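[1] any chance you can model this:
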Amino acid sequence: MIKSMTGFGRSEYNDGKRNIIVEIKSVNHRYGDISIKMPRRYSFAEDKVKNVVKEIARRGKIDVSIIVENITEDDTTVKLNSMVAKQYYNNLKELQQEFGVSGDITLQFLATLPDVMKVIPDVEDEEAICKTLLIPVKQAAEKLDEMRIIEGEKLAEDLIMRAGLIRDFVKKIETRAPSVTVAYTEKLRERMKELIGNNVTVPEDRILLEAAIFADKCSITEELVRLDSHMIQLNNIISKSNQPDGKKLDFLVQEMNREANTIGSKANDIEITNQMLEIKSEIEKIREQVQNIE
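    Model (predicted):
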C-alpha cells in the first residue's frame, strides 16, 4: 500500500484545563522534514510530538501547528519580584533628591514597572502535560495518514493503468520490430538494383550480410524486455509495498526513461518511433505521480 505525501489532519482536545488544537499538513519533499509551531512554554514536548508524527509520516515536508487555549487559571501563577520593586523605589527616590523634584511613588505605579509582577506558567508536571498534548497530536496524525492513504490508492490505480498502457505499446513494438529488418532488406535490394541496373546480378549473400548488420545494430529486443520488466516491477512494488517506496519508484522511472530513449534512438522505423513517443509520454506522467509518493 503506497501513500501520498500530501495530506491534512486536524484534532481538538479539551482536558478541562486547556483546549488544544492540532493541525498537521504535509506536501512533497525529497526527505522527511518536520516543522513544529507551538507555544514556547510547551517546547519541552517538541521531540515527543516529532516522534509521534514520524511513526506515521516518514517522508515529506510536514508542518505541525499546536494552539493551546487556557480555560482555567490553575496553570498560571502571578509572582512578585520584590527585589526589582525595591531597586525601582530606591532609584526613583535618588532621582527626586538629585533633581529636587517632588511626587508620590505609589504602589500602583511600582506595580506597572517591568518585571515587578510576572505571570509564570505552572508547568511543573511535564510528563502529564506531554501525555495531554500527544492525545490530539496522535488523532491529527491518524487523520493525516487516512488522507495520505486515500490519495495513495488513487495514485496506485493511475500508475497501474499507465503501466498497462506501456506494456500494450511494448507488445505492439515487439510485433512490429521483425518487419523492420525485412523492409530494410527489400529497400536495400531495390536500391542496389537502381544503382547497378538489372543486367548485373546482386549478390544475395552480400545483401543478407548487410541486413544482418542492420538487424544487430537496430535490435531493440533486450531493451523491450527490460522495459516490460520495469512495468512488472512497478506493479509489484505498488501491490506489495509496506514501507515508503517513493525513492525506489523514482529510481525505477529513471531506468524506464533510459530504456525508452535507447529504443527510440535504435528503432529506425516511423511506426515504432510513434509508439515510443506514446510510451515516453506515459513514463513522464508516471514520473510526475511518483513525486507525490512517500
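
[2] rest of the way, CA atoms for contacts and neighbours
    Noted.

[3] counting neighbours, what do you get for Gly32?
    14 (other C-alpha atoms under 10 Å).

[4] let me fix that, I meant to ask about Val68.
    Residues near Val68, counting by other C-alpha under 10 Å: 17.

[5] that one: what secondary structure?
    Following DSSP: H, G, I helix; E, B strand; the rest coil, the label given to Val68 is strand.

[6] state the distance from it to Ile232.
    50 Å (C-alpha to C-alpha, to the nearest Å).

[7] next one: stretch 118-133 to chain centre, how far?
    A distance of 34 Å separates the centroid of the chain from that of stretch 118-133, by C-alpha atoms, centre = their mean, to the nearest Å.

[8] gap between the two ends of it?
    25 Å.

[9] after the least confident helix or strand in the chain by mean pLDDT, next one along is what?
    Across the helices and strands of the chain, mean pLDDT, DSSP states H and E gives its lowest value to helix 204-217, namely a mean of 60. As assigned by DSSP states H and E, the chain's next helix or strand after helix 204-217 is helix 221-240.

[10] where does Arg287 fall, secondary structure wise?
    Counting by DSSP H and E, Arg287 is found in helix 270-290.

[11] what is the mean pLDDT for that helix?
    Helix 270-290 carries an average pLDDT of 92.

[12] same for it, what does it pack against?
    helix 126-196, helix 246-266 (3 or more C-alpha pairs under 8 Å, 6 or more residues apart in numbering; DSSP states H and E).

[13] check the residue positioned nearest the centre of the chain and give its pLDDT.
    Geometric centre of the chain, nearest residue: Asn28, 2.9 Å, by C-alpha atoms, centre = their mean. Asn28 is assigned a pLDDT of 91 by the prediction.

[14] try Ser4
    Per the predicted model, pLDDT is 93 at Ser4.

[15] ok now do it, which residues does it touch?
    Residues near Ser4 by C-alpha atoms under 8 Å, 6 or more residues apart in numbering: Arg148, Ile149, Ile150, Glu151, Gly152, Leu155, Asn292, Ile293, Glu294.

[16] go again using 6 Å as the cut-off
    By C-alpha atoms under 6 Å, 6 or more residues apart in numbering, Ser4 lies in contact with Arg148, Glu151, Gly152, Asn292, Ile293, Glu294.

[17] and the furthest pair within those?
    Glu151 and Glu294 (10.9 Å; C-alpha to C-alpha).

[18] so which of the two has more stuff around it?
    Glu294 (27 against 19).

[19] pretty sure that one sits against Thr6.
    No: look at Glu294 against Thr6 with C-alpha atoms under 6 Å: they stay out of range, at 8.8 Å.

[20] which of the helices or strands spans Ser35?
    Going by DSSP H and E, Ser35 is part of strand 32-37.

[21] okay, now the unreliable bits of the stretch 1-150 of the chain?
    Applying pLDDT under 70 to the stretch 1-150 of the chain flags residues 71-76, 121-124.
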